[in-house]
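Asker: Structure of the sequence below:
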Amino acid sequence: MFSLLGTLIVGLIVGLIARAIKPGDDSLGWIMTILLGIAGSFVASYVGVALGWYRQGDAAGWIASIIGAIVLLALYHLVRGKTTGR
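Answerer: Below you'll find the predicted structure:
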């Protein structure tokens, strides 16, 4: 229970920081911001393991998680911009 709550809180913090750093209109709600932060951490962990920075099962650090979330946010804006004709 506390592990899930901790994951949600960290996801929210990482997502909020990523949205604050990346310029542009981020019309994401609270749930999507949390999911963005959690997914950014997963991306950072996966890339870190692939590059040999982390061992399997290690969690990514705060900075890597934020960078992962920024990359996902940028990809989201690229896909959203192409589908809406912007």
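Asker: where does Tyr54 land in three-state SS?
Answerer: Three-state secondary structure (criterion: DSSP: H, G, I helix; E, B strand; the rest coil) places Tyr54 in coil.
Asker: Give the burial count for it, as a bare number.
Answerer: Here the number of neighbours of Tyr54 (other C-beta atoms under 10 Å) works out to 18. For glycine as for every other residue, the C-beta is placed from the backbone atoms N, C-alpha and C.
Asker: Not counting sequence-adjacent ones, nearest residue to it?
Answerer: The spatial neighbour of Tyr54 that comes closest, neighbours along the chain excluded (C-beta to C-beta, 6 or more residues apart in numbering), is Gly48 at 3.9 Å.
Asker: And the helix or strand the one you found falls within, what does it pack against?
Answerer: Assigning secondary structure by DSSP states H and E places Gly48 in helix 30-51. Helices and strands touching helix 30-51, by 3 or more C-beta pairs under 8 Å, 6 or more residues apart in numbering; DSSP states H and E, are helix 2-21, helix 62-83.
Asker: Appreciated, that's everything.
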